[in-house]
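S.K.: starting from these lines, generate the structure:
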Amino acid sequence: MSGPSVPDPDAAPGVSVILPVRDEERHLRAAVGQVLAQDYAGPLEVVLAVGPSRDRTWEIATELAAADPRLRVVANPSGRTPAALNLAVAAARYDVLVRVDGHSEIAADYVSRAVEVLRATGAANVGGMMVPVGTTPFENAVARAMSSPLGIGSVAFHTGGEAGPAPTVYLGVFRRDALERVGGFDETFVRAQDWELNHRLRAAGEVVWFDPTLAVTYRPRGSWSELARQFFRTGRWRRQVIRTYPETASLRYLAPPATVLGVAVGTVAAVLGATTGPRWLLLGAAAPGVYAAFLVVATAAMGRGLEPAARWRLPGVVATMQMAWGSGFLRGVERPGPVTDVAPHEEGTPRPGGYPGSAPAPGRSGRPPLDGGHESPED
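M.R.: Below is the predicted model:
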């Protein structure tokens, strides 16, 4: 009689790919198809945590699950990304958890490479580069700005660097035991939940590992208003991160709000000097003037190789990112609990739940819908 089988330590571990999705009708089939097409040698499943949507996301998700036993679908009534991630983790079968977003694009060897790095380093979380790729001149300008320290700060997963321990990474491939030991994603962080989780992992003695060979394609915002709203909300939640973890405040995070204040005060002073106030207040015009000149000079080098239509948009794109982020930081969020931060496609428009039997979507009670925060352009 043979004894119990012993697990092969060299065998590829089971992997659960978790996707928080909402309003992803256009991209969901392609995103799931890329995951199912991975060259990974071990067991693999996909867990879709679907929030209330105004399109056919729920129907498409359930159709995909009915067609492939490797797919599972769970409902995320709140629509919030951290809640979706926690629900997906709870439903997942395996101990390696790969986060992918519904609009992400990954190479066929992404999962196998990530698991290899996770096992080799013993890290709690590994991740790589967020590679923004645009399809229009405006999106190309945003993509270039988001890959530059001037546009988004010196963060390895945006600007590149050597493999090694890092404060945070894009998306992430997690060991379940480490994730559960720190309590999972904090659902009060509508945005910045990935940075906040990685901060707690490192505080618990775990390693967060960056590897530039792990790349995920990101699609930038397609209009000035969408870009401004995105960075305004991100700035608001960075302020909440610093309220919660004051030791993380740095010049990098304080420079944009200081710039906003300087430009605003200088502009008001110049207007007063030109109308009712003393003439010396006209000197305030130097603040916005110097900032504009700095942007033109700095983005000239950044824009090399871009098409002309993207290059001339670049100063405005960087200014929008910096001013919106800084303004959001100054605004902050009202409280760390329930928030009324509105997603761009939902502005002032309550809508019903997007799947059978769901509760009314946020906003039906008279409050604006919650911002699901399905992406983290800034750490």
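
S.K.: give me the number of residues near Phe232?
M.R.: Counted with other C-beta atoms under 10 Å, the neighbours of Phe232 add up to 20. Just so you know, the C-beta spots here come from the backbone N, C-alpha and C atoms, and that holds for glycine as well.

S.K.: wait, what's in contact with the nearest residue to it once chain neighbours are set aside?
M.R.: Nearest non-adjacent residue to Phe232, counting by C-beta to C-beta, 6 or more residues apart in numbering: Gly328, 3.9 Å away. When contacts are counted by C-beta atoms under 8 Å, 6 or more residues apart in numbering, Gly328 is found next to 231-239.

S.K.: any chance you could map the strands in the protein?
M.R.: Taking DSSP state E to define them, one finds strands in the chain at 15-21, 44-50, 71-75, 96-99, 105-106, 125-132, 164-165, 173-175, 208-218.

S.K.: return the longest helix that the chain contains as CSV; C-alpha atoms alone will do.
M.R.: Among the segments of the chain that qualify as a helix by DSSP state H, the longest is helix 251-274. Taking C-alpha atoms only, helix 251-274 is exported to CSV below (Å, rounded to 0.1, in the frame of the first residue of the first chain):
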residue,chain,number,x,y,z
LEU,A,251,9.1,67.0,-0.6
ARG,A,252,7.9,65.0,-3.6
TYR,A,253,4.3,65.0,-2.2
LEU,A,254,4.5,68.6,-0.9
ALA,A,255,5.9,70.2,-4.0
PRO,A,256,2.7,70.1,-6.2
PRO,A,257,0.4,71.7,-3.6
ALA,A,258,3.1,74.3,-2.8
THR,A,259,3.3,75.1,-6.6
VAL,A,260,-0.5,75.5,-6.8
LEU,A,261,-0.5,77.9,-3.8
GLY,A,262,2.4,79.9,-5.3
VAL,A,263,0.8,80.2,-8.7
ALA,A,264,-2.6,81.1,-7.2
VAL,A,265,-1.3,83.7,-4.8
GLY,A,266,0.9,85.2,-7.5
THR,A,267,-2.0,85.4,-10.0
VAL,A,268,-4.3,87.0,-7.5
ALA,A,269,-1.7,89.5,-6.4
ALA,A,270,-1.0,90.5,-10.1
VAL,A,271,-4.7,91.0,-10.8
LEU,A,272,-5.1,93.2,-7.7
GLY,A,273,-2.0,95.2,-8.7
ALA,A,274,-3.5,95.8,-12.2
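
S.K.: other SSEs contacting that helix?
M.R.: Here helix 251-274 touches helix 224-244, helix 286-302, helix 314-331, going by 3 or more C-beta pairs under 8 Å, 6 or more residues apart in numbering; DSSP states H and E.

S.K.: same thing but at 6 Å, please
M.R.: Judged by 3 or more C-beta pairs under 6 Å, 6 or more residues apart in numbering; DSSP states H and E, the packing partners of helix 251-274 are helix 286-302, helix 314-331.

S.K.: now do the first one: everything it contacts.
M.R.: The list of residues contacting helix 286-302 from outside it, by C-beta atoms under 6 Å, 6 or more residues apart in numbering, reads 148, 150, 262-263, 266-267, 314-315, 318-319.

S.K.: list only buried entries from the residues you listed.
M.R.: Listed as buried from the contacts of helix 286-302 are 148, 150, 262-263, 266, 314-315, 318-319; burial here means 16 or more other C-beta atoms under 10 Å.

S.K.: which two of these have the greatest separation?
M.R.: Largest separation among the buried ones among the contacts of helix 286-302 by C-beta to C-beta: Ser148 and Gly266, giving 25.1 Å.

S.K.: and stretch 258-273, which residues are buried?
M.R.: For stretch 258-273, by 16+ other C-beta under 10 Å, it's 259-260, 262-264, 266, 269-270, 273.

S.K.: now pLDDT and distance to Gly205 too, for these, in CSV please.
M.R.: Converted to CSV, the buried residues of stretch 258-273 look like this (pLDDT from 0 to 100; distance: C-beta to C-beta, whole Å):
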residue, pLDDT, distance to Gly205
Thr259, 94, 37
Val260, 95, 38
Gly262, 95, 41
Val263, 95, 43
Ala264, 95, 43
Gly266, 94, 47
Ala269, 94, 50
Ala270, 94, 53
Gly273, 91, 57
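
S.K.: could you dump the strands of the chain to a markdown table with distance to Ala324?
M.R.: Converted to a markdown table, these look like this (distance: least, C-beta to C-beta, whole Å):
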| stretch | distance to Ala324 |
| --- | --- |
| strand 15-21 | 24 |
| strand 44-50 | 28 |
| strand 71-75 | 33 |
| strand 96-99 | 26 |
| strand 105-106 | 26 |
| strand 125-132 | 17 |
| strand 164-165 | 31 |
| strand 173-175 | 31 |
| strand 208-218 | 18 |
